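In: Sequence first, predicted coordinates after that:
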There are 2 protein chains.
Amino acid sequence: MHIIFQDTQYVDVVAGEVLYHKDIEIKDGKIAAIAGAHTLKGAEIIDGRDLLLVPGFVNAHTHLGMSYFRNYADDMDLNTWLTKAIWPLEAHLTRDDIYWASMLSMAEGILSGTTTFCDMYYHMDMVAQAAVAIGMRGLLTRGLTDSDGQGDEKLEEVRMLYINSHGLGDDLVEVAPAPHAIYTCSGDYIKDIIRLTGELDGVLHTHLSESKKEMEDAEALYGTTPIRYMWNLGLDQVRTIAAHCVHMTEEEMDLVDPEKFFPVHNPSSNLKLASGIAPVQKMMDKGLTVALGTDGDSSNNNQNMLEEMHLAGLLAKGVSYDPEALKAEDVLRMATINGAKALGRDFEIGSIEVGKLADISCFNLNSPSFTPRNNLISALCYSAQAEDVKHVLIGGKFVLKDRKLIRVDLDDIREEVERKFQQLIDRKELSDAINGDL
Amino acid sequence: MHIIFQDTQYVDVVAGEVLYHKDIEIKDGKIAAIAGAHTLKGAEIIDGRDLLLVPGFVNAHTHLGMSYFRNYADDMDLNTWLTKAIWPLEAHLTRDDIYWASMLSMAEGILSGTTTFCDMYYHMDMVAQAAVAIGMRGLLTRGLTDSDGQGDEKLEEVRMLYINSHGLGDDLVEVAPAPHAIYTCSGDYIKDIIRLTGELDGVLHTHLSESKKEMEDAEALYGTTPIRYMWNLGLDQVRTIAAHCVHMTEEEMDLVDPEKFFPVHNPSSNLKLASGIAPVQKMMDKGLTVALGTDGDSSNNNQNMLEEMHLAGLLAKGVSYDPEALKAEDVLRMATINGAKALGRDFEIGSIEVGKLADISCFNLNSPSFTPRNNLISALCYSAQAEDVKHVLIGGKFVLKDRKLIRVDLDDIREEVERKFQQLIDRKELSDAINGDL
């Protein structure tokens, strides 16, 4: 596909500014040229005057397969939620279930401007298939635990996943290991995972310092904080995408290497599960690159990065009593280039620059959220709605055009998810009945 | 109009539950009957199987006319924001400007499920005209200050507004006075306003206990808290819609009459301006009815009550470390029946009950936010998007149908707002130049 967005505006997220009256040429999947309005020729022309081109959002921490559990069990404490609601159902999920739930989450992501995700779940080969089908970029990380005694089998699964899925779909899909958390993995297992990470691409995804309980347990069991504990196990050897980091201490912010350790802020989930509020401005002041993520639908309850941006921007101000904390351009960087850095892909995604892949969300400026057309970066951070996302390109190909998904049918996905969820409930009830009879 | 939503589901916000397989009949502007599916006949039938009927949201505190200042001056401290950005422009607003800005805010409200607003601004007769034109219900309150020496003229303006606009549009419009705040009104003026409130409908709208500075100043000037101070001026005599109440003390929660004093939670604005976080759960535990509002576009920056609901629900949990704080059904009540109570109109709006006015938002259940169809009240609170609002009825008339505004043209409104804003900027620059020349 060879197109030119003519006389458009786009956000330079690195500089934190909007550039107006530009032609942007997309060719061979990449951003081929950026020049003054009406200067580029020789391709299909798209009128860009009423569009704002933004680097596709990078959702740096989610669980795509959990969309069945959206609005299923809310307003509960974490323990009840996991043991009574989520785990009993998760135990009955099939490979197909995960394909369709992930597809729904990806569709939601695209419909709200996301082009890349970092997922942690299981049956990840099915997630890879879904990503290729819908045309979305993702880092697929198999959540790993060894409390069931099957840790080694799962490591072997990661190796096979890497062999079979890494690079799929013209490099849409990448693969990495994901120790679930320090409270679900033994220390030796975490060491094994770090070793495997080194053998593969050197990037690892985990939950870290999420709740007060995790902090207290780490202190009781290991006499230190979760991040320090992971450090002692060798986490410093790999690039880490560290979801949550709600309770990260200043001493830990000094400890970690900002080129290798990337906290992911998940404000909705952290509030909803009453985990607390991550010290994002402090992390940034300490030189860390903080990314942004939605977490799974069961604790959010959607995959809309715009809502996370709004929330991140507002929350930092409210809790610090500083209206200048976490400015709109910082929030936009978190959702784009910072996420790309966390995933180790900032050389090719995360900003609109010549030579990078054309992963671009086109916002419709003819919407109330952008009226009047004042500071468009503020608009993205504070007023924009998913509905304003008009087109989305990934690798130079339209995956959303005029708000319609191009490669899949949203109604088919929704209906399949409804059907699969009903079957899941039926299987669980049958299983409960059989177990009750025993 | 006489219609029946056939075989639909609706939320009983008072009971906090969803009722399924119902026919809902709308006749003469009211909810005429609710019965089992396929039992009502004799009217135009709308297939309700994939709709969720929800009482239209009551946005209990906003400044509709401020939509020009959306994304105009963000990430600033309150003083700089007011004195350098907002006030210099506000000084040049015309009556027509306020008509169009208010119209845009109302359109945004309807597009996200709001049917009633409580507005505080000026040139309120123009807001009344806009409300009648778009078909929206509102309490119009003239913001009052006497620091310019023109307090009495403004009281007279309220009287005239009441005579000319109260009851307009088949009772769409109501009118009330609004002392802006204790720091912009003298004590005597507040007494005058309370007296006038008694002469009119007995309801008053104000900003109260919003910022730490307001608390400190009240202590320094009056030796008490803002609410105590207002009490001493006679606020106990009237029904009060009290925006913000971020710093309301427990002693004040005990002091006020829950039948007459209604705090309005404005979470986006309070976070964005770094005012703090209102103790909503505590207020409710003390028996207060708390409403919900967006505040104006300059401190939000949109009029989407769904975002306020998401935020209210999440925030209460995060700051209290209690995942069971402020449940989804509480949040939905805040956005509907509680707002109706605050405005003194719960006898006719705020819930879907036979005999009440048909102010109803119809959500499209065929959307990702509602897939799978688990707890639909959770969906409204945590995952729903403005885009899911398919139809909106106010007083039994469609104001939005298939996501299209019926009585006004959104593109016309947007274009007029863009044009008016440019003229406003031009007037201000001309004025600055002339003043610079003097």
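Out: Nice, I can see it. Keep in mind that what you see is a predicted model, and the values were worked out from it rather than measured.

In: mind listing the helices for the stretch 301-438 of chain A?
Out: Applying DSSP state H, counting those that start in this stretch to the stretch 301-438 of chain A gives helices spanning A:305-320, A:328-335, A:337-342, A:376-378, A:410-437.

In: Report the secondary structure state of the residue most central in space within chain A.
Out: Nearest residue to the geometric centre of chain A (CA atoms, centre = their mean): residue A:59, 2.2 Å. Look at residue A:59: counting by DSSP: H, G, I helix; E, B strand; the rest coil, its state is strand.

In: picking that back up, return the most buried member of the helices of the stretch 301-438 of chain A.
Out: Highest mean neighbour count among the helices of the stretch 301-438 of chain A (mean count of other CB atoms under 10 Å in any protein chain shown): helix A:337-342, with a mean of 27. Every C-beta, even on glycine, is put in place using the N, C-alpha and C of the backbone.

In: returning to that earlier point: I'd like to know which of the helices of the stretch 301-438 of chain A is closest to residue B:274.
Out: helix A:305-320 (4.6 Å; CB to CB).

In: How is chain A partitioned into domains?
Out: The record's domain parsing of chain A by automatic domain parsing lists A:2-55+A:356-405, A:57-342.

In: Comparing those, which stretch has the densest surroundings?
Out: Comparing the domains of chain A by mean neighbour count (mean count of other CB under 10 Å), domain A:57-342 ranks first with a mean of 22.

In: Quick one: distance of that one to the chain centre.
Out: Relative to its chain's centre, domain A:57-342 lies at 7 Å (CA atoms, centre = their mean, to the nearest Å).

In: Also stretch A:427-438?
Out: Worked out by CA atoms, centre = their mean, stretch A:427-438 lies 36 Å from the chain centre.

In: List the contacts of it.
Out: A:88-89, A:91-92 (CB atoms under 8 Å, 6 or more residues apart in numbering or on different chains).

In: dump the residue contacts of residue A:407.
Out: So residue A:407 contacts A:133-135, A:399 (CB under 8 Å, 6+ apart).

In: now, which of those residues sits nearest chain B?
Out: Checking the contacts of residue A:407 against chain B by CB to the nearest CB gives residue A:134 as the nearest, at 13.0 Å.

In: Let me see the contact set for that closest one.
Out: With contact taken as CB under 8 Å, 6+ apart, residue A:134 is in contact with A:103, A:106-107, A:110, A:399, A:405, A:407-408.

In: Turn the residues you listed into TSV, columns for pLDDT.
Out: As requested, the contacts of residue A:134 are exported to TSV (pLDDT from 0 to 100):
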residue	pLDDT
A:103	98
A:106	98
A:107	98
A:110	98
A:399	98
A:405	98
A:407	98
A:408	98
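
In: Of the residues you listed, which pair is most distant in space?
Out: A:103 and A:399 (12.4 Å).

In: that older thread, could the helices of the stretch 301-438 of chain A go into TSV alongside mean pLDDT?
Out: TSV is the format used below for the helices of the stretch 301-438 of chain A (pLDDT from 0 to 100):
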stretch	mean pLDDT
helix A:305-320	96
helix A:328-335	98
helix A:337-342	98
helix A:376-378	98
helix A:410-437	92
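
In: Could I get the ones you listed in CSV, plus columns for distance to residue A:20?
Out: Shown next, in CSV, are the helices of the stretch 301-438 of chain A (distance: least, CB to CB, whole Å):
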stretch, distance to residue A:20
helix A:305-320, 22
helix A:328-335, 16
helix A:337-342, 21
helix A:376-378, 9
helix A:410-437, 33
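
In: and of these, who's closest to residue B:33?
Out: Here helix A:410-437 is closest among these (CB to CB), at 30.0 Å.

In: And the pLDDT for residue A:75?
Out: pLDDT recorded at residue A:75 is 84.

In: Could I get the contacting residues of it?
Out: By CB under 8 Å, 6+ apart, residue A:75 lies in contact with B:317, B:323-324, B:327-328, B:378.

In: Including distance to chain A, could those residues go into CSV?
Out: As requested, those are arranged in CSV below (distance: CB to the nearest CB, whole Å):
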residue, distance to chain A
B:317, 5
B:323, 4
B:324, 5
B:327, 4
B:328, 6
B:378, 4
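
In: Show me what the helix or strand where residue A:161 lies is packed against.
Out: Element membership for residue A:161 (DSSP states H and E) is helix A:151-165. Helices and strands touching helix A:151-165, as assessed by 3 or more CB pairs under 8 Å, 6 or more residues apart in numbering or on different chains; DSSP states H and E, comprise helix A:124-134, strand A:137-144, strand A:173-179, helix A:187-199.
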